[in-house]
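Participant: Here is a sequence with its predicted model. Questions after.
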Amino acid sequence: MSLEIVGLITTFVLGIFILIGAFIALIVGNKDKIVEFCIGLAFGVICTLSVTDLIPEIMENLKTFLIL
């Protein structure tokens, strides 16, 4: 499986989890602690996705920088 397909599948799965968290937050209503937890969890998932996607590219760019 190519890296592009793995990235697309990972992005899709994480997007589904974010939608599930938002749906739970809407169902619960105005309970502040649960809403804050769901928003924090979604933020953590988004940050994890961006970090895991960016680290390989950063390492590759650092290698080309250090060779030159």
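Facilitator: Alright, I've got the coordinates.
Participant: where does this protein have low pLDDT?
Facilitator: For the chain, the stretches flagged by pLDDT under 70 are 1, 29-30, 67-68.
Participant: those helices in it, which residues are they?
Facilitator: Counting by DSSP state H, the chain has helices at residues 3-28, 32-67.
Participant: Would you mind putting those helices into JSON lines with mean neighbour count alongside?
Facilitator: Where C-beta positions appear, they are placed from N, C-alpha and C, glycine not excepted. JSON lines is the format used below for these (neighbours: other Cβ atoms under 10 Å):
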{"stretch": "helix 3-28", "mean neighbour count": "12"}
{"stretch": "helix 32-67", "mean neighbour count": "11"}
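Participant: distance of residue 5 from residue 12?
Facilitator: Distance, residue 5 to residue 12, by Cβ to Cβ, to the nearest Å: 11 Å.
Participant: Oh, that last question was meant for residue 66, not what I typed.
Facilitator: 35 Å.
Participant: swap in residue 41?
Facilitator: Distance of residue 41 to residue 12, given as Cβ to Cβ: 18 Å.
Participant: cool, and residue 21?
Facilitator: Taking Cβ to Cβ, one finds residue 21 at 15 Å from residue 12.
Participant: And residue 46, by the same measure?
Facilitator: Counting by Cβ to Cβ - residue 46 and residue 12 are separated by 14 Å.
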